[in-house]
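Colleague: Sequence and predicted structure are below.
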Amino acid sequence: MLTLIRRIGEEIYIDKGKIKVSLLFQKGELIGVGIKAPRSIDIDRKEVFIRKCIEQHELEKKKKQEELEPSNS
């Protein structure tokens, strides 16, 4: 993991500038981060990412079970 130290108002560029991360503000222990990226890039908070992974796993599990069950036709 690359660790950088930046000040509020500074930016970090990723993938030759395709993704820009801006440090917008600090309010107590909270830091406002802005991310500008192509629409094809998924950007999620950790809890949303975990929920999506669980949902995807459940869908794959259901699909696999359906494939293993004999058809009634």
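Modeller: Arrived safely. Computed from a predicted model, the values in this text were never measured in an experiment.

Colleague: Tell me the strands beside the strand ranked longest in the chain, with direction?
Modeller: For the chain, the strand reaching the highest residue count under DSSP state E is reported as strand 19-27. Sheet pairing for strand 19-27, assigned by DSSP bridges, gives strand 11-14 (antiparallel), strand 30-36 (antiparallel).

Colleague: could you redo the ones you listed as TSV and give each row mean pLDDT, mean neighbour count and distance to Q56?
Modeller: Backbone N, C-alpha and C define where each C-beta goes, glycine included. Formatted as TSV, the strands paired with strand 19-27 follow (pLDDT from 0 to 100; neighbours: other CB atoms under 10 Å; distance: least, CB to CB, whole Å):
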stretch	mean pLDDT	mean neighbour count	distance to Q56
strand 11-14	98	12	24
strand 30-36	97	11	22
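
Colleague: mind putting the ones you listed in a markdown table, distance to K20 included?
Modeller: Listed next are the strands paired with strand 19-27 as a markdown table, based on distance: least, CB to CB, whole Å:
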| stretch | distance to K20 |
| --- | --- |
| strand 11-14 | 6 |
| strand 30-36 | 4 |
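
Colleague: Out of these, which is closest to Q65?
Modeller: Taking CB to CB as the criterion, Q65 comes closest to strand 30-36 out of those, the separation being 37.2 Å.

Colleague: Now do the contacts for Y13.
Modeller: Residues near Y13 by CB atoms under 8 Å, 6 or more residues apart in numbering: I19, K20, V21.

Colleague: what about 7 Å?
Modeller: With CB atoms under 7 Å, 6 or more residues apart in numbering as the criterion, the residues that contact Y13 are K20.

Colleague: Show me the beta-bridge partners of it.
Modeller: Here Y13 sits in beta bridges with K20, going by DSSP bridges.
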